[in-house]
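> Pasting the sequence and the predicted coordinates here, then a few questions.
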Amino acid sequence: MLDLSTTYLGLKLKNPVVVSPSPLTEQIGNILRMEDAGASAVVLHSLFEEQIAIESQTLDQALSAGTESFAESLSYFPDMSQYNLGPDGYLELIRKAKQAVNIPIIASLNGVSTGGWIKYAMEMEQAGADALELNIFYLANDPNLSSEQVEEMYVSLVSHVKASVRIPVAVKLAPYFSAMDNMARRLDHAGADGLVMFNRFYQPDFDLEALDVRPSLHLSTSAELLLRLHWVATLFGEIKADMAITGGVHTAHDVLKSMMAGAKVAMMTSAILKNGIEYLETVLADVKEWMEEHEYESIHQMQGSMSRQAVADPTAFSRANYLKVLSSYASRMAMQ
């Protein structure tokens, strides 16, 4: 009998398919449908730092080096008091979700400074969250702020939050570090129980008629998975923290590739927004079918099997492969 179970953040999950944050997770009814469709856990939509700042203006400046302009930057955001449920509503959602479903509920905090985060991390734990995901989305627009300072902000935030709660803490990262291996190791040493790779960088677009800068949101595609596969496969065996892949997970093959790279779970949002919550059933059925056809007995059996440590040619993850790809493309062009 196939064993689809996996362990993520110390949580025993029935399969590796986790629902990542989206507006769908704001409703208990949707979370119930996700559980029925086979989701092994749900990461709730994020509570944003801007919402916390509105409710509590006691951000800890001493622990937020490099964010001195934060208060001014709030003017660039929409009225966050009207965004989703707000801090109190968010805590109530955690309580209701825990009462309604049997799968783990993972809370999410989005921001960069320490201040009110510690308070709400503790309250999320008290509300019943099984784990916490720190969605760190920071744009380093200050030319006086060095990369070392930015990295230290991440590490400090993780260590302070981790010291404040007993539930597992995962860190959702962007891929824009010059030394990703080192950054992952520093976060691992800071106590992160998991790394979620990667946050998507939402970039504004220009309206040429209105001469205005407009928000722009495009759902992911499977093409975005490749960056995630590379880094998870590279880091597998190098850090203790569990790894999750998010962004570009749309099909059963995407889930299987994520496992073979070394991830413990594959997180889906865009595919569910495109195809509906019940699409989870299709993905899981296809995962089972592929495993039966290829004589796999468990998810654990394949985890890390295509990592840098496991493949016959580790240079596939290095600069040598970059040269090989360019060479092969040139050869194809010459044959045309």
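Thanks, I have it.
> Show me the helices in this protein, by range?
For the chain, applying DSSP state H gives helices covering 28-37, 49-55, 70-73, 86-100, 115-127, 147-164, 180-189, 225-235, 252-261, 270-275, 279-293, 299-302, 319-335.
> how many neighbours does the nearest residue to Val158 once chain neighbours are set aside have?
With CB to CB, 6 or more residues apart in numbering as the criterion, Val158 has its nearest non-adjacent residue at 4.5 Å, and that residue is Ala190. To be clear about C-beta, it is placed using only N, CA and C from the backbone, and glycine gets the same treatment. The tally of other residues near Ala190 (other CB atoms under 10 Å) stands at 20.
> How confident was the prediction at Ala190?
Model confidence at Ala190, given as pLDDT, is 97.
> Also Ser220?
In this model, Ser220 is scored at 89, pLDDT.
> Quick one: residues contacting the nearest residue to it once chain neighbours are set aside.
Spatial nearest neighbour of Ser220, excluding adjacent residues (CB to CB, 6+ apart): Ser270 at 4.3 Å. Applying CB atoms under 8 Å, 6 or more residues apart in numbering, we find Ser270 in contact with Leu219, Ser220, Thr221, His250.
> do the same with Leu280
Leu280 neighbours (CB under 8 Å, 6+ apart): Val17, Val19, Met34, Ala37, Gly38, Ala39, Met268, Ile272.
> In this structure the last one contacts Tyr279, no?
Yes. Under the criterion of CB atoms under 8 Å, Ile272 makes contact with Tyr279 at 6.0 Å.
> In terms of neighbours, single out the busier of those two.
Ile272 (23 against 17).
> And the contacts of Leu280, which is closest to Gly237?
Val17 (23.3 Å; CB to CB).
> Do I have it right that that closest one meets Ala285?
No. Distance between Val17 and Ala285: 11.2 Å, which falls outside the contact criterion (CB under 8 Å).
> which one of the two has more residues nearby?
Under the criterion of other CB under 10 Å, the comparison of Val17 against Ala285 puts Val17 first, with 26 against 12.
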